[in-house]
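>>> What shape does this take:
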Amino acid sequence: MNEEDAPRRMNSLEDRNAIVESALEAAIRRGDFDDLPGLGKPLTGLHNSEDPDWWIKAKMDGEGISGVAPAAFQLRKENAILEDTLDAFSKETEVRDYLAGFNSRVRDAVMDLREGPPVFTPPRKIEDEVAAWRERRIARRETTNPSTAPTEGPGRPPRRWWQRKRS
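Coordinates of the predicted model:
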């Protein structure tokens, strides 16, 4: 193989720019850029923001993309709203399953040393969290409907007159 047949190396920035320009011109001639969405429309937000990453944030919002932060940040955010998340569940088994998954994600992030900042989010004690969930649930019930407040035992509403045993 002689030097004329060998592929040309890109030794300079000008050579690279020339190759890119020729590839773009060929794509334009083929019509690869015809009928693209937003053709002829101005880019929104181009001059409105001081944030240099405005475009990627807008794209993520538009596409509904979330959860691309390092695990340490995701877990810290999830930990901050954990009580609200648990309060949305109506069954104890759902609370236990969610907490088991949360603790598993924490352990996985701690063991994954490949990338990202260190994880300082501690795993949660499932029994303690379930007990706190029950207490919040009972307190919510009492504030929303005081007539159903437990008076005849822990976590039980009062018995009605027709439910009482006759002696």
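>>> what's the next secondary structure element after the lowest-mean-pLDDT helix or strand in the chain?
Taking mean pLDDT, DSSP states H and E as the measure, the helix or strand of the chain with the lowest value is helix 54-63, at a mean of 80. Going down the chain from helix 54-63, the next helix or strand is helix 71-80, by DSSP states H and E.
>>> got a list of contacts for that next one?
67, 69, 85, 102, 105-106, 108-109, 112, 116-121 (C-beta atoms under 8 Å, 6 or more residues apart in numbering). Glycine gets a C-beta too; all of them are placed from N, C-alpha and C.
>>> where's it relative to the chain centroid, distance-wise?
Centroid separation for helix 71-80 versus its chain: 9 Å, with C-alpha atoms, centre = their mean, to the nearest Å.
>>> for the closest residue to N103 other than its chain neighbours, helix, strand, or coil?
In this structure, N103 finds its nearest non-sequential neighbour in P123, 4.1 Å apart by C-beta to C-beta, 6 or more residues apart in numbering. Following DSSP: H, G, I helix; E, B strand; the rest coil, the label given to P123 is coil.
>>> quick one: contacts for P123?
102-103, 106-107.
>>> Now intersect the contacts of helix 71-80 with the helices, please.
Counted as lying in helices by DSSP state H, out of the contacts of helix 71-80, are 85, 102, 105-106, 108-109.
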